[in-house]
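> what's the 3D shape of this:
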Amino acid sequence: MKAAEAGRRGRVAAAVVTFFPDAGLAGRFAGLATQVDRMVLIDNGGPAELPALPGWTVVRNQVNLGVAAALNQGMQLALAAECDWLLTLDQDAFPAGDLVACLLQAVWDHPEGARLAIVASRIEDAQVGIRARFLRRRFGPVFERAECRGDRLDDVALAISAGSLYRLDILSKLGGFREDFFIDYVDSEYCLRAQAAGYRVSVACRARVDHKLGSRRRATRAGLVFYPTNHPPQRWYYIARNRIPMIRLYARRFTFWLTYDLVAAAYSLTRMLLFETNRRRKLRALFLGTLDGLRGRLGPAPANRRFLGEL
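I've put the predicted structure just below:
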């Protein structure tokens, strides 16, 4: 990034969270070094060998601390490096060569740039041909899923962490990501918390990230096309469990989000029952996660839930 541009728009750190990454990791992010001021990798996979990553700051967590804790580690390193923005990416993301420039341009062009807590990217899963749509409120409890067209999409409710640019002073002020969620709803919770505090979420439609959304495979039934996620049972546990505190925290303020989340939950369950394997364990995980959520048992899954399998 050129010095003049960095001074005008702020310094950017990129944080990539990994969990037993494949050998292609370094190649996917080779072009990112020229876009940002600091590159951080937080590995939650334990002792497995990582590829050579010259120029990266690498944090090795010997146990899986969860996505939220890893992102907070990236936040602290970015703040220590006096950066203004944190770009977060998953290990299987493919960032475009102009990703950061497009994200920063969206901030610069926004009439209320000072209120932007998050600027998200346009997410595509090229493997199955899916382009993400973004949740927005229409009226009352009614929502819409909007496509990203033109330069920018404003008034977005939720944005996944992959490819999102977080303003660090706001992220720090609001306390970072909720580590007791561990994984799932981590990015959604921060989006709603930031909006409840008066900040905004926008999407830079020209900022592109190719991101594999779960282990999706195309499936058809009665002429309809579905893309089940094929999450392992433990992911179903965390999704079900963390949904409970999300509803308790945000259902009244964001009624359209509640409508969307319940519809999405029913749709995901239907896809799982129709097309996925290991359904009995996944249903049990869903039940136990809901039970723990109602009891307020957060953090890593307890020892008596480990039969569900690893993430």
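> going by C-alpha atoms from here, please, whenever you check contacts or count neighbours.
Fine.
> where in the stretch 151-300 of the chain is pLDDT low?
The model of the stretch 151-300 of the chain has pLDDT under 70 over residues 212-219, 222-228.
> mind running it again at 50?
Within the stretch 151-300 of the chain, no range satisfies pLDDT under 50.
> and residue 79, what helix or strand is that in?
helix 67-80 (DSSP states H and E).
> buried set for that helix?
67-75, 77-79 (16 or more other CA atoms under 10 Å).
> likewise stretch 173-192?
Neighbour-count burial for stretch 173-192 [16+ other CA under 10 Å]: 176-192.
> over to stretch 48-58?
50, 53, 58.
> give me the phi and psi for residue 117.
Per-residue torsions, residue 117: phi -90, psi -30 (degrees, to the nearest 10).
> which other helices and strands does the lengthiest strand in the chain contact?
In the chain, with assignment by DSSP state E, the single longest strand is strand 200-211. Contacts defined by 3 or more CA pairs under 8 Å, 6 or more residues apart in numbering; DSSP states H and E place strand 200-211 against strand 93-95, helix 99-109, strand 116-125, strand 152-153, helix 186-196.
> quick one, domains of this structure?
3-211, 219-308 (automatic domain parsing).
> please work out which of these is packed deepest.
domain 3-211 (a mean of 19; mean count of other CA atoms under 10 Å).
> residue contacts, residue 244?
By CA atoms under 8 Å, 6 or more residues apart in numbering, the contact set of residue 244 is 290, 293-294.
> list of residues touching stretch 43-58?
Applying CA under 8 Å, 6+ apart, the contact partners of stretch 43-58 are 17-21, 23, 25-26, 33, 38-42, 59-66, 70.
> helix, strand or coil for residue 160?
With DSSP: H, G, I helix; E, B strand; the rest coil as the basis, residue 160 sits in coil.
> next one: the one 10 residues further on
Three-state call for residue 170 (three-state DSSP): helix.
> who are the contact partners of it?
Applying CA under 8 Å, 6+ apart, we find residue 170 in contact with residue 117.
> cool, residue 116 as well?
By CA under 8 Å, 6+ apart, residue 116 lies in contact with 107, 167, 199-202.
> gap between the most centrally placed residue in the chain and residue 138?
Centroid-nearest residue in the chain: residue 161, 2.7 Å away (criterion: CA atoms, centre = their mean). Residue 161 is 24 Å from residue 138, where distance means CA to CA, to the nearest Å.
> follow-up on the earlier one: what sits up against the longest strand of the chain?
Contacts of strand 200-211 (CA under 8 Å, 6+ apart): 92-96, 98-100, 102-103, 106, 115-126, 148-159, 162-163, 191, 194-195.
> how about 7 Å then?
92-96, 99, 102-103, 106, 115-126, 148-157, 163 (CA atoms under 7 Å, 6 or more residues apart in numbering).
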